[in-house]
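Asker: Here's my sequence, what's the structure:
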Amino acid sequence: MNRLCLITNDVETTSIVNHRLSDETGRYVLEQGMPRLLDLYERYGVKATFFFTGHIARLYPQLVRMAQERGHEVGSHGLTHEVSKAFDAMPRDEQLSHLKQSKQILEDITGTPVVSFRAPAARVPKDFPSVLQEAGFMVDSSVSSQRLDMFFSFGSLNKLHWLGAPRHAYHTETDNIFRQGDSGILEVPISAFGFPYIGTFMRIAPLLNRMTRRMLYAETLLTGRQFVFLTHPNEFIDEPRDGGPIQRRAKNPLAYLMGDVIRHALKVHNLGAKALPLLEHELHFFSKHHFQYLTCREMLEQTTQ
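Answerer: Alright, predicted model coming up:
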């Protein structure tokens, strides 16, 4: 049985330490985050997927080229990471416009088709597969099956659909991204075992993250389910705190407390260079246990053979 691992990276201008979108953060990603990740991946023979927002790709197209030149897949992370422009908050025509624009920006930089997508904050509406297909995408990686921390993020009610989603990569229904069907969209779920298997959780609770990974590994040995790890280059930058107030992105007081105040306090742990040994520990595990690293595009190719 092949043991498969997809390392995925969302590239955006979110300043974690200052809790807001910032074009200056993009410069730190260019000068610190991406070089650190790319060098680490090269040491471990990782071919990863990088999902870029159209905004950061326009600001720093060299970021996209850096990933492409190292042999990684370039995917779309939408046009912007603004909370008000989440895909589950926009009408269908606006969703389609954002998808097409982001795809075009990246294809103009790379000169190659972009087929893979991940939504900012993993927020997608139930009927999203038909929009993705119309925009020319073939792979999505926005669902996180059986992940239980959704109330610490925005779009939490819609993310309750994660609880019933398949755990393996699956072709979705045309009108339901959370169900297996016969659409042209392959869903590659972000790994979770209650706790999410992502860079944020790796930094906040390294020991719990390793326990989660062990449980996921046992499942892989039983079922062949692939690992899909999510991280961000902005987790590996040493950006100063500017002393500004915590941005209020939610009108609802409870959503503000959970999604802004508490979430920010947790997410600042082990940022920058301190995060690199934690990620290297995860990559060492996959290398030691003879996993094959795949991009999302390669996962699609395997399912169609």
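Asker: just the helices in the stretch 101-250 of the chain please.
Answerer: Assigned by DSSP state H, counting those that start in this stretch, the helices in the stretch 101-250 of the chain fall at 128-135, 199-204, 206-223.
Asker: For the first one, what does the pLDDT average out to?
Answerer: So the one you mean is helix 128-135. Mean pLDDT, computed over helix 128-135, is 98.
Asker: cool, and the longest one?
Answerer: Across helix 206-223, the average pLDDT comes to 97.
Asker: Which of the helices of the stretch 101-250 of the chain sits closest to His81?
Answerer: helix 199-204 (14.7 Å; C-beta to C-beta). Using the backbone N, CA and C atoms, a C-beta is placed for each residue, glycine as well.
Asker: hmm, who's touching the closest one?
Answerer: 195, 208-209, 212, 229-232, 235, 266-267, 269-271, 274-275, 278-279, 282 (C-beta atoms under 8 Å, 6 or more residues apart in numbering).
Asker: buried subset of these?
Answerer: Buried members of those, counted by 16 or more other C-beta atoms under 10 Å: 195, 209, 212, 229-232, 235, 267, 270-271, 275, 278-279, 282.
Asker: Among these, find the lowest-pLDDT one for me.
Answerer: Lys267 (80).
Asker: How about the contacts made by that one?
Answerer: Lys267 makes contact with 16, 200, 203-204, according to C-beta under 8 Å, 6+ apart.
Asker: mind running it again at 6 Å?
Answerer: Lys267 is in contact with 16, 200, counting by C-beta atoms under 6 Å, 6 or more residues apart in numbering.
Asker: For Leu163, find the nearest of the helices of the stretch 101-250 of the chain.
Answerer: That would be helix 206-223 among the helices of the stretch 101-250 of the chain, by C-beta to C-beta, at 16.4 Å.
Asker: distance between that closest one and the chain's centre?
Answerer: 19 Å (C-alpha atoms, centre = their mean, to the nearest Å).
Asker: What number of residues are in the vicinity of the closest residue to Leu160 other than its chain neighbours?
Answerer: Distances taken as C-beta to C-beta, 6 or more residues apart in numbering put Met150 closest to Leu160, at 6.8 Å, once the chain neighbours are dropped. The number of residues packed near Met150 is 19, by other C-beta atoms under 10 Å.
Asker: next one: phi and psi at the closest residue in space to Pro120 that isn't next to it in sequence?
Answerer: Leaving aside its sequence neighbours, Pro120 sits nearest to His81 (C-beta to C-beta, 6+ apart; 4.5 Å). For His81, the backbone dihedrals (degrees, to the nearest 10) come out as phi -100, psi 20.
Asker: List the contacts of the nearest residue to Cys296 once chain neighbours are set aside.
Answerer: Residue nearest to Cys296 in three dimensions, not counting chain neighbours: Ser116, with 4.1 Å by C-beta to C-beta, 6+ apart. Contacts here follow C-beta under 6 Å, 6+ apart; on that basis Ser116 touches 75, 139, 296.
Asker: Could you rerun that using 8 Å?
Answerer: 49, 51, 73, 75-76, 137-141, 295-297, 300.
Asker: try Ile105
Answerer: The neighbourhood of Ile105, defined by C-beta under 8 Å, 6+ apart, consists of 54, 57-58.
Asker: pLDDT averaged over whichever strand in the chain runs longest, what's the number?
Answerer: Using DSSP state E to assign secondary structure, the strand with the most residues in the chain is strand 4-11. Strand 4-11 shows a mean pLDDT of 98.
Asker: Going by neighbour count, list what's buried in it.
Answerer: In strand 4-11, the ones that count as buried by 16+ other C-beta under 10 Å are 4-11.
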